[in-house]
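Novice: build me a structure from this.
(one chain, ligands or ions: 4)
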Amino acid sequence: MSDIVYVKGPGDADISSVAYDSRMVSEGCLFVAIKGFNVDGHDFVPQAISRGAAAIIGEQDLDLPGIIYIRVRNSRKALAEASAWFYGYPSRKLGIIGVTGTNGKTTTTYLVKAMLDRAGYKTGVIGTIGNLIGDKILHAERTTPESLELNRLFLNMVQQGVNYVAMEVSSHSLKLHRVDGIDFQVGIFTNLTQDHLDFHKTFEDYYESKKKLFDLSRKAVVNVDDESGRKILQSIDIPAISYGIDTDADLRARNVNISLEGVFYDIEVKGEKFSISYHVPGRFSVYNSLAALGAGLALGIPMDTLIDALGKVRGVPGRFEPVIVGQDFAVIVDYAHTPDGLENVLKTIKSFARGRIITVFGCGGDRDRKKRPIMGSIASRLSDYCIITSDNPRSEEPEAIIDEIEKGVVSSNYEKIADRREAIAKAIEMAKKDDVILIAGKGHEDYQILKDRTIHFDDREVAAELLVKKGKLR
Ligand SMILES: CC(=O)N[C@H]1[C@@H](OP(=O)(O)OP(=O)(O)OC[C@H]2O[C@@H](n3ccc(=O)[nH]c3=O)[C@H](O)[C@@H]2O)O[C@H](CO)[C@@H](O)[C@@H]1O[C@H](C)C(=O)N[C@@H](C)C(=O)N[C@H](CCC(=O)O)C(=O)O
Ligand SMILES: Nc1ncnc2c1ncn2[C@@H]1O[C@H](COP(=O)(O)OP(=O)(O)OP(=O)(O)O)[C@@H](O)[C@H]1O
Ligand SMILES: N[C@H](CCC[C@H](N)C(=O)O)C(=O)O
Ligand SMILES: [Mg+2]
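Specialist: Ligands and ions are numbered 1, 2, ... in the order given. Modelled structure (predicted):
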């Protein structure tokens, strides 16, 4: 272990498990005490011992007679090292592609998976929608799991014959050492715009956290149309593939054509020209597909395999996903939950909408509050009518979140309906032929996190049900 201050107690012990939560400790466990944002894990050392812990790791000076105690400088780092050791360093047996950035991580991992599958590899995915082993989906609590769960998952993947893993690497995970010790074959940077200032406090800290992925990667794939991407490219000394539309780059999309059917463009690789088709609309789809192509090339997969795989992708759950039950207007469910994501998706809709744009959206509770009025401003500027509703309020009052969003609204064409089902119902009632309803913020989520409980709620299901109920079919 790299940053040990001292080791006390008996010479050795058989370790049967590792835990960072005292409630998970069983006989023979190694308990890692973490000083958290809410509570201090060191306060639970007595509980861990009474549950049978054989060894403890922590940052404080402790006397624990009869028990091995390892004092370290950083418990989260130590947890990552202990977890990798306990599960036999499973990440070393996998080719891992990490994707970081504010928007586009989930989408890019799905595109990379499609390419690796097409190239004949068994591929895992770790991210927001869930964790995939081949086509089997496992529930995920977070975008990037804690190092203990991450190493357990890697081992599971190794045991099931997985070759490659496309994983989202959140800024939280980088800052909190969840991915320490992982050798990423390729690191991808998508973009950096406002989000998570509740956690990072400053944009600089958010940037520095994302940048850490490239200290852990062998090769980089970087969006150079993004200012932070250009900064990253200048500061790393690993082989890199740059991509962009506006800026000169190794992979530069030219003759870009964006329509309702998707994005179509040309790129040149080693002097040879290729035409790319990806059937998801929006300028951001050009970026996500370029990022995935860059990763495929960095892994040495032939261009024709990459292009073929990309051409066959028919979207990612909850990302620009249409709800079609026979109505004569469009309903699109999308996971845009940041100012940049919302602006991108609305501009994409604006480029093809023949009727009005009606946007139903909210903002999550216990998350960056500064983005709320900004999203209010963007939605009201780029929509004909907005219905501001509740997202996952968590511990906050839905109405208070909605009021913060409202402060940024610049038109009078809006209303506030806190009940998300009623908000969607209102949009559907209003919609006429050729209009487009955007239901943003929750995408693939099939739940809503309220103060005291989590309920089942799926925008796609609710919209489909209401379209039928309200007699909106042709
Ligand atoms: C802000 C954040 O990331 N917090 C993480 C942090 O929590 P914390 O420091 O507040 O933990 P704490 O509650 O103070 O507890 C401290 C320690 O005491 C332990 N404990 C606690 C109680 C007890 O009885 N016994 C005990 O041992 C806890 O298990 C913990 O190890 O450390 C915990 C242990 O690893 C994480 O579970 C927790 O993630 C929370 C649940 C979370 O919601 N994180 C979100 C914001 C997150 O990580 N999101 C990103 C996605 C962002 C994106 O969109 O890009 C993600 O990767 O999912
Ligand atoms: N490259 C991109 N640039 C900007 N916006 C994007 C991009 N790709 C997707 N989006 C928008 O952002 C939303 C979220 O996309 P995606 O789930 O791929 O991002 P993410 O980075 O995984 O988000 P999260 O931080 O929640 O994990 C999409 O529904 C779309 O509206
Ligand atoms: N990964 C993001 C997702 C936000 C999705 C939105 N529906 C919300 O709950 O705020 C987060 O945890 O901040
Ligand atoms: Mg994601």
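
Novice: and the strands in the stretch 101-250 of the chain, which stretches?
Specialist: Here the stretch 101-250 of the chain has its strands, by DSSP state E, counting those that start in this stretch, at 123-126, 131-133, 136-138, 164-168, 184-189, 217-223, 240-244.

Novice: please apply the same query to the stretch 351-474 of the chain.
Specialist: For the stretch 351-474 of the chain, strands defined by DSSP E, counting those that start in this stretch occupy the ranges 357-361, 385-388, 414-416, 436-440, 447-449, 454-456.

Novice: want to throw the ones you listed into JSON lines with mean pLDDT, mean neighbour count and distance to ligand 3?
Specialist: Heads up, the C-betas are built off the backbone N, CA and C, glycines and all. Below are the strands of the stretch 351-474 of the chain laid out as JSON lines (pLDDT from 0 to 100; neighbours: other C-beta atoms under 10 Å; distance: least, C-beta to the nearest ligand atom, whole Å):
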{"stretch": "strand 357-361", "mean pLDDT": "98", "mean neighbour count": "25", "distance to ligand 3": "10"}
{"stretch": "strand 385-388", "mean pLDDT": "98", "mean neighbour count": "24", "distance to ligand 3": "14"}
{"stretch": "strand 414-416", "mean pLDDT": "98", "mean neighbour count": "16", "distance to ligand 3": "18"}
{"stretch": "strand 436-440", "mean pLDDT": "97", "mean neighbour count": "26", "distance to ligand 3": "9"}
{"stretch": "strand 447-449", "mean pLDDT": "97", "mean neighbour count": "17", "distance to ligand 3": "7"}
{"stretch": "strand 454-456", "mean pLDDT": "98", "mean neighbour count": "9", "distance to ligand 3": "11"}
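
Novice: out of those strands, flag the one nearest Ser395.
Specialist: In terms of C-beta to C-beta, the element of those nearest to Ser395 is strand 447-449, at 9.2 Å.

Novice: what's that closest one packed up against?
Specialist: Contacts defined by 3 or more C-beta pairs under 8 Å, 6 or more residues apart in numbering; DSSP states H and E place strand 447-449 against strand 454-456.

Novice: parallel or antiparallel, list what pairs with the strand it packs on.
Specialist: strand 447-449 (antiparallel) (DSSP bridges).

Novice: follow-up on the earlier one: any chance of the strands of the stretch 351-474 of the chain in a markdown table, plus distance to Gly11?
Specialist: As requested, these are arranged in a markdown table below (distance: least, C-beta to C-beta, whole Å):
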| stretch | distance to Gly11 |
| --- | --- |
| strand 357-361 | 59 |
| strand 385-388 | 63 |
| strand 414-416 | 65 |
| strand 436-440 | 58 |
| strand 447-449 | 47 |
| strand 454-456 | 46 |
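
Novice: which one of the ones you listed lies closest to Gly471?
Specialist: Closest to Gly471 of the strands of the stretch 351-474 of the chain, according to C-beta to C-beta: strand 436-440, at 16.0 Å.

Novice: I'd like the average pLDDT over stretch 96-111.
Specialist: Stretch 96-111 shows a mean pLDDT of 96.

Novice: run the contact check for that stretch versus ligand 1.
Specialist: No. Against ligand 1, stretch 96-111 shows no contacts by C-beta under 6 Å from any ligand atom, the least distance being 7.2 Å.

Novice: please state the offset of that stretch from the chain centre?
Specialist: 7 Å (C-alpha atoms, centre = their mean, to the nearest Å).

Novice: can you check stretch 37-51 too?
Specialist: Offset of stretch 37-51 from its chain centre (C-alpha atoms, centre = their mean): 30 Å.

Novice: state the mean pLDDT of it.
Specialist: 97.

Novice: now do the same end-to-end measure for it.
Specialist: Its start and end residues considered, stretch 37-51 measures 24 Å (C-alpha to C-alpha, to the nearest Å).

Novice: of all the residues in it, which ones are buried?
Specialist: For stretch 37-51, burial by neighbour count (16 or more other C-beta atoms under 10 Å) applies to 41-42, 44-45, 48-49, 51.

Novice: which one of the residues you listed is nearest Tyr287?
Specialist: Nearest to Tyr287 among the buried residues of stretch 37-51 is Gly41, at 39.7 Å by C-beta to C-beta.

Novice: if we can go back for a sec, wait, which of the buried residues of stretch 37-51 is closest to Val436?
Specialist: Gly41 (48.7 Å).

Novice: can you pull the contacts of that closest one?
Specialist: By C-beta atoms under 8 Å, 6 or more residues apart in numbering, the residues touching Gly41 are 20-22, 32-35, 58, 75.

Novice: how about Ser209, what does it touch?
Specialist: With the criterion set at C-beta under 8 Å, 6+ apart, Ser209 makes contact with 171-172, 174-175, 200.

Novice: which stretches of the stretch 151-300 of the chain form helices?
Specialist: 171-175, 197-200, 203-211, 227-235, 283-298 (DSSP state H, counting those that start in this stretch).

Novice: the first one close to ligand 2?
Specialist: When you say that, I think you mean helix 171-175. No. Using C-beta under 6 Å from any ligand atom, helix 171-175 never reaches ligand 2; the gap is at least 8.9 Å.

Novice: next one: the third one
Specialist: No. Applying C-beta under 6 Å from any ligand atom, one finds that helix 203-211 is not in contact with ligand 2, the shortest distance being 11.0 Å.

Novice: could I get the strands of the stretch 101-250 of the chain as a markdown table with mean pLDDT?
Specialist: Putting the strands of the stretch 101-250 of the chain into a markdown table (pLDDT from 0 to 100) gives the following:
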| stretch | mean pLDDT |
| --- | --- |
| strand 123-126 | 97 |
| strand 131-133 | 95 |
| strand 136-138 | 91 |
| strand 164-168 | 98 |
| strand 184-189 | 98 |
| strand 217-223 | 98 |
| strand 240-244 | 98 |
